[in-house]
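Enquirer: heads up, no residue letters with this:
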């Protein structure tokens, strides 16, 4: 099921909220959440819900074994087993076709390529299980003794299919002890409206421009290629951050506090900062669990970095462009590391902004083109090879036809709401006024988004495919 | 991603530090305790316990504001839920030419595949009460907020991809066939009756037509009950859905079709995922007219020629005609936007240069002489029946058959027509500028029998459907849908039997040829499930006409012409 469907917003969610409100005590409420989460997942993937349950059972059991054999070999063995199981599961379902295709190409073999359907959300919930197991092993968290509670952590529908990748430590306490205040309900509903607005009013509309431009890269002009990739970046941002907003808002309605997943990434001044603001739950996952894997010896600083960016790329999809995309960012992060923070800061801010935005835009171009031939064409177009035109007529037309949308999208990348909040914090009256206004704005956003959804029955979130 | 030294603590090195401090100081910065976390973005200023300086009064006010906030937004949610569930669900969308989704019937297999549950969600999403009005509101009030039209008075809007700098075709056209037949009619007329044809009527015509009085079939009124059951109703979603979701065929077509030229003998062609679509989303709206931007054949026109040549090779005694049909892009695109599209004329000429025994019919020139008449819809990707009349006239002239003047038809005007281009673009410009859909009813007595795409299950129908109970769409509602085979038996007694292999453009040709051929079989290349050569022999065809718009001829749809031969 997709958050941005009328069916979810106006039928599934209200029913779930009503039943949840009617349930008494935390155990009943957890049961309700688990049941609705399984229904939510099984709505589109009735068979794969079993796979998720299997994953939950294996990792839950591994957690118990880790606890039981704490400090002994069994601890490490259970950890290794669970992590290998998780990685293999992800590998089989997500990468087997890609691996076989490349082995065939490399060794001129003709091994039948498996066409396995990717279970929705497998990349997200697998990472959650891995983080849980490693945290148990590192004694960062207490092992969850109740399978029901563990299942709730893993299957909680607000974050089940497209993140954010919630750490067990984040909601450990709240699984068994949480309260929902009126302010939580208000915050949650506002956040859902905001996320839906980002997705429906911005991302969906921007996707049309992307189709216009990157969709015909062979005939794109120089600025057309840059323009298309930039708009695609905006689309992805509003799409994914919108989803994260909805997830955080939904979580709050049930009393869970998820961490932020995006912090206005496009205001960054360099690439390192960009990744501190973009898909934070994934970045921190790799930072915490992969970066310092001691397999590179003395060179682990750069070796780990290479591994992180390789993983970041391949996590996004079984395709070479994603590998290239990850390594591409790795190169720039590495470069900035070599230059050093102090020297980076000495570079004029304008130059740093131009540099970071150019790198990010080209990065989104790499992200878009899964076919390497088209990617090659994109690279040619952005440097003016194969086209004599700086800007095409169609670019002018689409720019004019969408000028207010684009302006609004760019403005929304800035922390406007945070700024207003800071200003309003200075006086109670201002704060009250802003909060009241927020209610009206959220209601309007929800209404407008819903109206737009009447004419957009299929608009899945892009990160579903990852 | 931040890679500072603090992160290094988050490794196994802290493994033995346990218990009391493990969730405080030594805990890695992977999360923040919920109670310490600050709300971001939209924040509700109610944290009574943590705001010592606000006092009870302020906390109470904050609570009230929070409650107000929750009630307002929650109210929208609740009203929406009531609206979605309690209000009457729509059943059809006139502006989209389709019936809306129905609540699915449960089956275990459909549930396991996820189809059942998906269909439930689809049902609720698709059948929202007042769907058409809401869509109109979106077109009228919301979408124009995205920007403004380009080009001053011309008010240009672009939907989808346009084309500029169309590269020259690098591969030379494959000319492996013998030179084009230059003596079109004399060699093939009159129609040749092959030995097989004498046997066919019994088998193919068996069902019903011979017993029924022809006169009673002419007007559509008597057929109303039947027409209401025709695929027009049940299949509408299929077509419109296919067309709605089609995207930029041309953008992907070039490399694929170019290579296809070389391998015309390959067993099965699958040149496009969008093979069932006729039109792409590449639509320019200029001067209140929607124009689909033709992206060029890129060698596809040569492949098309090779495919129709295969029919001629298999049926040497049958006249095989090819009349590719231009779209408004050829005639109504202002000069300053010409380079957004390729030339249909050039591709048609290239096509004609590669016919081998197939006789080309130049509808392009015929239509170009009537561009000041309403030969194309402004709001629909189809032509108007008047355009079909001029093309049919050109074909009849080439085929040497009689042709009824338009004055012999009864003109029917359906005002307020907004066609498929509105569905593709949701453009308020199109919605607010409806047009007349004008069609012409023949006075000829005809018997029309409709078959399945496998030429089975015949039933009597009429030449035109009755569009009066639909709001604003007409083309499909007058000429019917495409996924069937229709046989028209006319009063014309010239012994000619024509098979028209077409896309939906070809539907409008049919009425204008009822005075020209004794039998006409209207077959859609996309929905034809029997071998066309055998079919032609069975029905005793003397003429085969390929007539479809440029998109179908050079795009993915043309693969059906070849693939049907393998059935």
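Expert: Done, it's in. The shown structure was predicted, so the numbers you read here are calculated from the model rather than taken from an experiment.

Enquirer: By mean pLDDT, which helix or strand of chain A comes out lowest?
Expert: When each helix and strand of chain A is scored by mean pLDDT, DSSP states H and E, helix A:300-315 comes last, with a mean of 82.

Enquirer: does chain B sit close to that one?
Expert: Yes - Helix A:300-315 reaches chain B (Cβ under 8 Å from any Cβ of the partner chain) through A:305, A:308. (Each C-beta comes from the backbone N, C-alpha and C, glycine too.)

Enquirer: For chain A, see how far away residue B:495 is.
Expert: Look at residue B:495 and chain A: by Cβ to the nearest Cβ, to the nearest Å, they are 50 Å apart.

Enquirer: my read: that residue touches residue B:518, true?
Expert: Yes - in this structure, residue B:495 is within contact of residue B:518 by Cβ atoms under 8 Å, at 6.0 Å.

Enquirer: Looking at those two now, which is surrounded by more residues?
Expert: residue B:518 (19 against 13; other Cβ atoms under 10 Å in any protein chain shown).

Enquirer: Give me the phi and psi for that one.
Expert: phi -70, psi -40 (degrees, to the nearest 10).

Enquirer: ok, it touching residue B:492?
Expert: Yes - the criterion here is Cβ under 8 Å, and residue B:518 meets it with residue B:492 at 5.1 Å.

Enquirer: So which residues make contact with the host helix or strand of residue A:149?
Expert: Per DSSP states H and E: residue A:149 is located in helix A:147-155. The contact list for helix A:147-155 (Cβ atoms under 8 Å, 6 or more residues apart in numbering or on different chains) reads A:30-31, A:33-34, A:37-38, A:41, A:52-53, A:55-57, A:59-60, A:63, A:125, A:128-129, A:132, A:144, A:160, A:166, A:168, A:171, A:175-176.

Enquirer: can you list the domains in chain A?
Expert: In terms of domains, chain A is parsed into A:6-178, A:183-465 (source: automatic domain parsing).

Enquirer: Close to chain B: what parts of the stretch 51-200 of chain A are there?
Expert: A:137-141, A:167, A:169-171, A:173-174, A:181-183, A:185-187, A:189-191, A:193-194.

Enquirer: Of those, which belong to helices?
Expert: A:137, A:169-171, A:173-174, A:182-183, A:185-187, A:189-191, A:193-194 (DSSP state H).

Enquirer: Just the buried residues from those, in ChimeraX please.
Expert: This is how ChimeraX selects the buried members of those, with burial counted by 16 or more other Cβ atoms under 10 Å in any protein chain shown:
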select /A:137,169,170,171,174,182,183,185,186,187,189,190,191,193,194
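
Enquirer: what sits against residue B:411?
Expert: With the criterion set at Cβ under 8 Å, 6+ apart, residue B:411 makes contact with B:438-441.

Enquirer: top of those residues by neighbour count?
Expert: Of the contacts of residue B:411, with other Cβ under 10 Å as the count, residue B:439 tops at 23 neighbours.

Enquirer: helix/strand/coil for that residue?
Expert: Secondary structure, DSSP: H, G, I helix; E, B strand; the rest coil: residue B:439 is strand.

Enquirer: Isn't it up against residue B:388?
Expert: No - taking contacts as Cβ under 8 Å, residue B:439 lies outside contact range of residue B:388: 9.2 Å.

Enquirer: Identify the contacts common to the two.
Expert: With Cβ under 8 Å, 6+ apart, residue B:439 and residue B:388 have common neighbours residue B:508.

Enquirer: Would you mind listing what in the stretch 201-350 of chain A touches chain B?
Expert: Residues of the stretch 201-350 of chain A lying near chain B (Cβ under 8 Å from any Cβ): A:205, A:208, A:211-213, A:215-216, A:218-219, A:221, A:245, A:257, A:259-260, A:263, A:272, A:275-276, A:283-284, A:286-288, A:291-292, A:305, A:308, A:333, A:337.

Enquirer: Give me the subset of these lying in helices.
Expert: A:205, A:208, A:211-213, A:245, A:272, A:275-276, A:283-284, A:286-288, A:305, A:308, A:333, A:337.

Enquirer: Now, of these, which are buried?
Expert: A:205, A:208, A:211-213, A:245, A:272, A:275-276, A:283-284, A:286-288, A:305, A:308, A:333.

Enquirer: Now do the helix or strand containing residue A:376: which elements does it pack against?
Expert: Here residue A:376 is covered by helix A:372-382, with elements defined by DSSP H and E. In terms of contacts (3 or more Cβ pairs under 8 Å, 6 or more residues apart in numbering or on different chains; DSSP states H and E), helix A:372-382 is packed against helix A:222-253, helix A:320-339, helix A:349-368.

Enquirer: Including distance to residue A:20, could the ones you listed go into TSV?
Expert: Converted to TSV, the helices and strands packed on helix A:372-382 look like this (distance: least, Cβ to Cβ, whole Å):
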stretch	distance to residue A:20
helix A:222-253	8
helix A:320-339	38
helix A:349-368	37
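
Enquirer: Pull out the buried positions in stretch A:58-71.
Expert: Those would be A:58-60, A:62-67, for stretch A:58-71 by 16+ other Cβ under 10 Å.

Enquirer: Which of those sits closest to chain B?
Expert: residue A:66 (11.5 Å; Cβ to the nearest Cβ).

Enquirer: so where is the chain shaky, pLDDT-wise?
Expert: Unless you meant another one, I'm taking chain A. Low-confidence segments of chain A (pLDDT under 70): A:292-300, A:457-466.

Enquirer: meant chain B, my bad for not saying
Expert: Looking at chain B by pLDDT under 70, you get B:1-54, B:95-97, B:153-154, B:160-281, B:467-478.

Enquirer: Pop the domain breakdown of it in here.
Expert: Listed domain ranges for chain B are B:87-147, B:157-488+B:504-566 (source: automatic domain parsing).

Enquirer: measure the last one end to end?
Expert: End-to-end distance of domain B:157-488+B:504-566 (Cα to Cα, to the nearest Å): 43 Å.

Enquirer: For residue B:362, give me phi and psi.
Expert: phi -90, psi 80.

Enquirer: Give me the nearest residue to it, chain neighbours excluded.
Expert: Leaving aside its chain neighbours, residue B:362 sits nearest to residue B:394 (6.7 Å; criterion: Cβ to Cβ, 6 or more residues apart in numbering or on different chains).

Enquirer: which SS state does that neighbour fall under?
Expert: Three-state assignment for residue B:394 (three-state DSSP): helix.

Enquirer: Okay, buried residues for the longest helix along chain B please.
Expert: Ordering each helix of chain B by length in residues (DSSP H) puts helix B:55-86 first. For helix B:55-86, a neighbour-count test (16+ other Cβ under 10 Å) marks B:58-59, B:61-63, B:65-74, B:76-77, B:80-81, B:84 as buried.

Enquirer: Repeat that for stretch A:279-295.
Expert: Buried, per 16+ other Cβ under 10 Å, within stretch A:279-295: A:279-292.

Enquirer: next one: stretch B:523-530
Expert: Buried residues in stretch B:523-530 (16+ other Cβ under 10 Å): B:523-528, B:530.

Enquirer: still on that earlier bit, what are the buried residues along the helix holding residue A:149?
Expert: A:149-155.

Enquirer: same deal with stretch B:443-461?
Expert: Buried, per 16+ other Cβ under 10 Å, within stretch B:443-461: B:444-453, B:455, B:458, B:460-461.

Enquirer: From start to finish, how long is that stretch in a straight line?
Expert: Span of stretch B:443-461 from end to end, Cα to Cα: 16 Å.

Enquirer: and what of stretch B:335-353?
Expert: Start-to-end, stretch B:335-353 (Cα to Cα) is 27 Å.

Enquirer: same deal with stretch B:405-425?
Expert: Using Cα to Cα, the two ends of stretch B:405-425 sit 36 Å apart.

Enquirer: Just give the closest residue to residue 320, not the sequence neighbours.
Expert: Reading this off chain A. residue A:372 (6.1 Å).

Enquirer: actually it's chain B I care about, not the one you picked
Expert: residue B:312 (4.3 Å).

Enquirer: doesn't that neighbour fall inside a strand?
Expert: No - counting by three-state DSSP, residue B:312 is located in no strand; its state is helix.
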